[in-house]
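# take this sequence and fold it.
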Amino acid sequence: MSKIKLEAPFRQFRGKICKHSDIIFKQMYGETFTSQICNPRTKPYSQAELNRQDLFRQAAAATKTALANPTTRATYEAEFEAQTKYKSLYGYVLAKEHAKLKS
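Residues are numbered from 1 along each chain as shown. Take a look at the predicted model:
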């Protein structure tokens, strides 16, 4: 009996597989991944969802600005070293800026 080696036309496949999905390609970590979107969204975003997306965009922009300024970056780096919850400086600053915008 011979052995069969199956080769897919793509390197990696992620996501739930079902017959009604859409296949997408995305770049992550310098590699192209293929995925399927199972049950894609059909209705428009609600106003609350749009507000959350906008708040996150504002927090990301504020984080970029804060990390570009040497004074605020030094302050955030000192605070980051003192804590243990966050693993990256960017994540820590993003959480702080998001909390500022939320209140």
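
# what helices and strands are in contact with the helix ranked longest in the chain?
For the chain, the helix with the greatest residue count under DSSP state H is helix 47-68. Helix 47-68 sits against helix 70-82, helix 89-102, with contacts defined as 3 or more Cβ pairs under 8 Å, 6 or more residues apart in numbering; DSSP states H and E. In this view, the C-beta of every residue, glycine as well, is placed from N, C-alpha and C.

# to Q47, which of the ones you listed lies closest?
helix 89-102 (16.7 Å; Cβ to Cβ).

# circling back to that earlier point, list the buried residues in the longest helix of the chain.
Applying a neighbour-count criterion of 16 or more other Cβ atoms under 10 Å, one finds 59, 62-63, 66-67 buried in helix 47-68.

# make a markdown table out of these and add pLDDT and distance to E31.
A markdown table is the format used below for the buried residues of helix 47-68 (pLDDT from 0 to 100; distance: Cβ to Cβ, whole Å):
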| residue | pLDDT | distance to E31 |
| --- | --- | --- |
| A59 | 97 | 28 |
| A62 | 97 | 30 |
| T63 | 97 | 26 |
| A66 | 96 | 31 |
| L67 | 96 | 26 |
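
# now these in TSV, with distance to T84?
Output for the buried residues of helix 47-68, formatted as TSV (distance: Cβ to Cβ, whole Å):
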residue	distance to T84
A59	22
A62	24
T63	20
A66	21
L67	20
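
# which of those residues sit farthest apart?
Going by Cβ to Cβ, the pair spanning the buried residues of helix 47-68 furthest: A59 and L67, at 12.4 Å.

# which strand residues bridge the most centrally placed residue in the chain?
Nearest to the geometric centre of the chain sits M28, at 10.4 Å (Cα atoms, centre = their mean). Residues in a beta bridge with M28, per DSSP bridges, are E31.

# quick one: pLDDT of I24?
I24 carries a pLDDT value of 71.

# quick one: secondary structure of the closest residue to it other than its chain neighbours?
Among residues not flanking I24 along the chain, S35 sits closest, at 5.3 Å (Cβ to Cβ, 6 or more residues apart in numbering). Of the three states, S35 takes strand according to DSSP: H, G, I helix; E, B strand; the rest coil.

# all set now, cheers.
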